[in-house]
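S.K.: Dropping the sequence and predicted coords here.
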Amino acid sequence: MEVAKKTYQLPPLKYGYKDLAPFMSEEQLTLHHTKHHAAYVAGANAAIEKMEKARKDNVDADLKAIAKELSFNVGGWYLHKLFWDNLAPAGAGGSPGGRLADELIKEYGSIDRFKKEFTQTANSCEGSGWAALTFCKNLERPYVMQIEKHNVNAIPGFKVLMVLDVWEHAYYVDYKNLRPKFVEAFWNHVNWEEIGKRFDAHVKG
Ligand code: MN3
């Protein structure tokens, strides 16, 4: 008997579509989650299906193209999942604490300096991409990464703790071309509790 294999699914949000306004309006968040994020879920599953079909038909698949498609779409699925969960309604996400706060202060000198560098990373991302707070276990140091598209310039093995989507589709409904306004408003919606949990699980693991 053939066992059904798992496929990618669109994860539900942990808050309502209206709950991040005015940082993200209901229209903006609904579009982003149900259209854009859903498209990466479909894209990832479609790439896997192409490989499976080629195997079933015993023909060669265009693996170079499929590998690229898979990387882009799985990256999109994963980063959006992290993104929704590292956001919270205004005032609900607490402030950085515990060892994560200690590590940020040790590296950047202050939380404000960290926020400044993360903001600059997000604002300077060319075209479509992400700013990501990551942690390198080898050096035991946090590191802000700029990910192009969903997968380019990402460093394997660095744990992604917090992300900010700066693709135009993330903010254009509410902010038009004013990305820095969107990035500034992000700081009122950071779910530090969730990010702290990701960090603790990573350093203990
Ligand atoms: Mn997006």
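M.R.: Nice, thanks for sending it over. Residues are numbered from 1 along each chain as shown.

S.K.: And the lengthiest helix in the chain, how far out from the chain middle?
M.R.: For the chain, the helix with the greatest residue count under DSSP state H is helix 63-85. Distance of helix 63-85 from its chain centroid, counting by Cα atoms, centre = their mean, to the nearest Å, is 10 Å.

S.K.: Any chance you could list what contacts that helix?
M.R.: 8, 11, 13-14, 33, 36-37, 39-41, 43-44, 46-48, 50-51, 130, 132, 147, 149-151, 154, 160, 162-165, 191, 194 (Cβ atoms under 8 Å, 6 or more residues apart in numbering). In short, each C-beta sits where N, CA and C put it, glycine included.

S.K.: which element follows that helix toward the C-terminus?
M.R.: helix 98-108 (DSSP states H and E).

S.K.: residues of that following helix that come out buried?
M.R.: 100, 101, 103, 104, 107, 108 (16 or more other Cβ atoms under 10 Å).

S.K.: which of the contacts of helix 63-85 count as buried?
M.R.: 8, 13, 33, 37, 40-41, 43-44, 47-48, 50, 130, 132, 147, 149-151, 154, 160, 162-165, 191, 194.

S.K.: so the residue of the chain found nearest the ion bridges to which residues?
M.R.: The nearest approach of the chain to the ion comes at residue 165, 4.2 Å away (Cβ to the ion). Here residue 165 sits in beta bridges with residue 130, going by DSSP bridges.

S.K.: quick one, what contacts it?
M.R.: Per Cβ under 8 Å, 6+ apart, neighbours of residue 165: 32, 79, 80, 83, 130.

S.K.: Likewise for residue 152?
M.R.: Contacts of residue 152 by Cβ under 8 Å, 6+ apart are residue 129.

S.K.: Please name the bridge partners of it.
M.R.: Applying DSSP bridges, one finds that residue 152 bridges with residue 148.

S.K.: Just the pLDDT for it.
M.R.: Note on residue 152: pLDDT of 95.

S.K.: That one and residue 129: what is the separation?
M.R.: Distance, residue 152 to residue 129, using Cβ to Cβ, to the nearest Å: 8 Å.

S.K.: do the same with residue 91
M.R.: Where residue 129 is concerned, residue 91 sits at a distance of 28 Å (Cβ to Cβ).

S.K.: So for these two, which sits in the more crowded spot?
M.R.: Taking other Cβ atoms under 10 Å, residue 91 and residue 129 do not tie; residue 129 has more neighbours (24 against 8).

S.K.: Return the distance of the spatially closest residue to that one that is not a sequence neighbour relative to residue 89.
M.R.: In space, and not counting its chain neighbours, residue 129 is closest to residue 148: 4.6 Å by Cβ to Cβ, 6 or more residues apart in numbering. Going from residue 148 to residue 89 by Cβ to Cβ gives 30 Å.

S.K.: can you give me the strands for this structure?
M.R.: Ranges of strands within the chain are 129-136, 141-148, 159-165, based on DSSP state E.
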